[in-house]
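J.: need a 3D model of the following:
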Amino acid sequence: MNQQLSQSRTQRVRAAMFPETLEEGIEIPSTQFNQRQLTAVQRLAEPSQMLKHAVVNLINYQDDADLATRAIPELIELLNDEDQVVVSQAAMMVHHLSKKEASRHALMNSPQMVAALVKALSKNNNLEFTKGAVGTLHNLSHHRQGLLAIFKSGGIPALVKLLSSPVETILYYAITTLHNLLLHQEGSKMAVRLAGGLQKMVALLQRNNVKVLTIITDCLQLLAYGNQESKLIILASQGSIEHVRIMRSYDYEKLLWTTSRVLKVLSVCSSNKPAIVEAGGMQVLAMHLQHGSQRLVQNALWTLRNLSDAGTKVDGLEQLLQSLVIALNHSDVNVVTCAAGILSNLTCNNQRNKVTVVQVGGVEALVQTIINAGDREEITEPAVCALRHLTSRHVESDSAQNAIRHNGGIQILVKLLQPPSRWPLVKATIGLIRNVAQCQGNHMPLREHGAIHHLIRLLMRAFQDIQRTSTNSSVAGSGRSQSGDVYADGVRMEEIVEGTTGALHILARDSHNRVLMRSQQGLIAVLVQLLFNDIENVQRVAAGALCELAIDKDGADMIEAEGATAPLTELLHSRNEGVAIYAAAVLFRMSEDKPNDYKKRLSAELSNSLCREDQNTWPPNDLGTAPDHQDAYDLYGHRLGSVHNGVGPMRHNNYHQQSGYDTLPIDSMQGFEICSQQESNCSPMDVVIPNDIDCGRLGDLPEPPQDNNQVAAWYDTDL
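T.: Numbering: from 1, shown residues only. I've put the predicted structure just below:
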């Protein structure tokens, strides 16, 4: 046995390394006694075969490269032949060579060969030739050297032309080659645009091959990203509508994802935005918010956020609103950020949406979102704005105001008035507190948690900033400063003054709150000084707050002691009826303990001032209620870096707000504009805030910048 094994050792090694050399029928005895343990020769067999194949492939690779190098000059000549049959045969041979790696490298390293292919492709309509030529370009496009060769030879116009081919194979080769060029070859995007590629690609969106559609939509996203002209071409070609149709009609995840990326880019275009909304884009995107693909859901949310400012008047969004409320509980901070921003916009000036959100538990979810967000102002600011909309001017607003109290929202709102909250968030919170204060049941918790103290502190700080800027401007020789010049983080200090004063006005309806306000030294002096402000809204809220404080005799006496009679008398002639009414009410209450002669003179003055010839209709509100304008429409200054592959965590950036309001009973209340053009006969008196008044940590609040060059739009960036 040992002799037999020794004699067959060579055969066993040969069988392991070169089994093809053995003659058939020869049996080689095995040396394996344990079936679980391989012999040394058996362990050698697999790596030996791998080594043999590598050597063979290397020999063949060199042979293929040598063959292609020798054949290229002749093939170039054949491609330029006049006989179309010869050209077609040459193209098929080149296509065959391009399938092997070695010969493919030889082809792409020959600019003359690629140029000959492109030239022949441009003037030859033979089907077989076209298949072979474009197939070759497709194979070359998988390598950077091949892409460069195609681009330099002018291959892009030829490929764009082939997008009109009715043959599926040719179309597939053409669009995939263009896709590779757009992804990896610099300069390809402009070349495709110039060749009319956008229009051809949009026309292809009506095909039903989901894989081809996926490539087409990704090409469109690459072309439209950061290029306004491309977005407008897509719009003019009905591309926006086609993308909405695709989102509605297909369920292939890759296609839905690439299509949502196109819509996300188009949604920042002011021209495409209404077209997408009108085509039902918001409802269609809402259908995918429960999809299992997280990247699709994220893109849908970003797109909805961009569209939401154009969709405030769209009906039929109940499913979307409910999904957004659910999304507020998501663990991904980006999902929560988008959901809060969309809810803020969709609840602006839309009573139906407000009612829907309140009924599906939106107030509770938003309060909890603010609590969970901590110092993430990219979440808290839109969430506060959404609550501000939900607590005003719809049939469920009372429920919303109470729900904030029941869910622990009062305490967190007062906290947001304090540092480190920045001015845009502070402004939004002030407006929400004003709305919450409309509910009598919220007055005591607001007072107990220090809301009045912080509102007065903010009023004093904003007033000081305005007064300091006015003084500096006067010293510099510019005369009286314009009210709109004082900004901090994009927020005008006049807006903070108006907001805090308006909130104090509502809170002053409670007698306990009035006592607390009267105890704050300097408050009434500032309110009187605000009567001289050029902005009628500021005059109105200041006069309204004084009207409430004058209900008590102590308050009326303090107001009179601050010299309010002269400015109030002047405001009786204001073109703003609300201002005139409040001024008349304060003067009337201040005169209650005056002699009859004084009362008669005041009565005559009031009669002459209020009973004007135009007999305008008085507002139906009682003297303590001012027209509500809390449904402010906000644009947040999230200037995110543009990305191709999703969106990372949002960075903490500067916020900037622009406001626009619902139609109000008094035209001059629109947009916090300076409305009063007439000069007042009264000169503003300098109000010195006492040193002993507790204004809190005023130094922790952000200082106003020197100019207002940082206003940015939230939506107009590719996200």
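
J.: okay, now the unreliable bits of the stretch 51-200 of the chain?
T.: Applying pLDDT under 70 to the stretch 51-200 of the chain picks out residues 51-68.

J.: where are the low-confidence patches of this structure?
T.: Counting by pLDDT under 70, the ranges of the chain that qualify are 1-46, 48-68, 473-485, 598-599, 602, 604-719.

J.: which stretches in it count as strands?
T.: 487-488, 491-492 (DSSP state E).

J.: and among the ones you listed, the most buried is which?
T.: Each of those was scored by mean neighbour count; the highest is strand 491-492, a mean of 25, by mean count of other CB atoms under 10 Å. C-beta: built from backbone N, CA, C; applies to glycine.

J.: quick one: list the elements packing against that one.
T.: Secondary-structure packing of strand 491-492 (3 or more CB pairs under 8 Å, 6 or more residues apart in numbering; DSSP states H and E): helix 423-436.

J.: who are the packing partners of the helix it packs on?
T.: helix 377-390, helix 397-406, helix 409-416, helix 451-475, strand 491-492, helix 493-507.

J.: contacting residues for residue 69?
T.: For residue 69, the residues meeting the contact criterion (CB atoms under 8 Å, 6 or more residues apart in numbering) are residue 106.

J.: re earlier: so which of the strands of the chain is nearest residue 235?
T.: Of all the strands of the chain, it is strand 491-492 that lies closest to residue 235, at 34.5 Å by CB to CB.

J.: neighbouring strands for that closest one, and are they parallel or not?
T.: Strands adjacent to strand 491-492 in the sheet, as given by DSSP bridges, are strand 487-488 (antiparallel).

J.: give me the neighbour count for the residue nearest to residue 182 when sequence neighbours are not counted.
T.: Leaving aside its chain neighbours, residue 182 sits nearest to residue 222 (4.5 Å; criterion: CB to CB, 6 or more residues apart in numbering). A count of neighbours around residue 222, defined by other CB atoms under 10 Å, yields 23.

J.: so what's residue 222 up against?
T.: If you count contacts by CB under 8 Å, 6+ apart, residue 222 has them with 182-183, 189.

J.: JSON lines for these, including distance to residue 358 and neighbour count?
T.: Converted to JSON lines, the contacts of residue 222 look like this (distance: CB to CB, whole Å; neighbours: other CB atoms under 10 Å):
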{"residue": "182", "distance to residue 358": "47", "neighbour count": "20"}
{"residue": "183", "distance to residue 358": "47", "neighbour count": "14"}
{"residue": "189", "distance to residue 358": "47", "neighbour count": "21"}
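
J.: can you list these in JSON lines and add distance to residue 309?
T.: Formatted as JSON lines, the entries for the contacts of residue 222 read as follows, by distance: CB to CB, whole Å:
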{"residue": "182", "distance to residue 309": "30"}
{"residue": "183", "distance to residue 309": "32"}
{"residue": "189", "distance to residue 309": "29"}
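
J.: okay, and which of those residues map to helices?
T.: 182-183, 189 (DSSP state H).

J.: closest to residue 196 out of those residues?
T.: residue 189 (13.5 Å).

J.: residues contacting the closest one?
T.: For residue 189, counting by CB under 8 Å, 6+ apart, the contacting residues are 182, 222-223, 227.

J.: before we move on, what about residue 244?
T.: With contacts taken as CB under 8 Å, 6+ apart, residue 244 has the following neighbours: 263, 276, 279-281, 284.

J.: residue 97 contacts residue 105, correct?
T.: No: applying CB atoms under 8 Å as the test, residue 97 and residue 105 come out as separate, 10.5 Å apart.

J.: show me the contacts for residue 72.
T.: Residues near residue 72 by CB under 8 Å, 6+ apart: 106-107, 110, 112-113.

J.: how about JSON lines for these, with distance to residue 171 and neighbour count added?
T.: Listed next are the contacts of residue 72 as JSON lines, based on distance: CB to CB, whole Å; neighbours: other CB under 10 Å:
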{"residue": "106", "distance to residue 171": "28", "neighbour count": "22"}
{"residue": "107", "distance to residue 171": "23", "neighbour count": "26"}
{"residue": "110", "distance to residue 171": "27", "neighbour count": "18"}
{"residue": "112", "distance to residue 171": "28", "neighbour count": "13"}
{"residue": "113", "distance to residue 171": "24", "neighbour count": "26"}
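
J.: can you pick out the most distant pair from those?
T.: Greatest spacing in the contacts of residue 72, by CB to CB: 106 and 112 (12.0 Å).
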